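S.K.: need a 3D model of the following:
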Amino acid sequence: MLIPTNDTFVGLRSMKLLPLRSTMFTLPAFDAGTETNDELCANIPGPDCGGEGYNEAGGEGYIYTSNGISGIGDLEPSAFDWRNPVARVRVKRK
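M.R.: Here you go, the predicted model:
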């Protein structure tokens, strides 16, 4: 999960379990679609906001590539926004 967000996460999909060599993946952030993206600290858990952990109201209902932090709530985009990709994962065969 990306903090500070209420339902954004990083996930790796469609990779071979036994790569022939070391493989690097760049990963985007996904929005789980489970909660409203109001960017209000009351709705965002973690050290930056300390809000509630989960609220069933108002989610999109599907997973999609996250749009990042836009500045519509309590979070300042200059401090908390990101652009995809957000992570790199290296899988190495032993």
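
S.K.: quick one: the helices in this structure?
M.R.: 77-80 (DSSP state H).

S.K.: any low-confidence regions in it?
M.R.: For the chain, applying pLDDT under 70 flags the ranges 19.

S.K.: show me where it has its strands.
M.R.: Using DSSP state E, the strands of the chain run over 8-10, 23-27, 29-31, 64-65, 87-91.

S.K.: which of these sits most buried?
M.R.: strand 29-31 (a mean of 21; mean count of other CB atoms under 10 Å). Every residue, glycine included, has its C-beta placed from N, CA and C.

S.K.: outside of that one, which residues touch it?
M.R.: The contact list for strand 29-31 (CB atoms under 8 Å, 6 or more residues apart in numbering) reads 2, 7-11, 37, 60, 63-68, 82, 84, 86.

S.K.: report the buried members of those.
M.R.: Among these, those buried by neighbour count (16 or more other CB atoms under 10 Å) are L2, D7, T8, V10, N37, S66, G68, V86.

S.K.: now do the contacts for the last one.
M.R.: With contact taken as CB under 8 Å, 6+ apart, V86 is in contact with L2, V10, L27, P28, A29.
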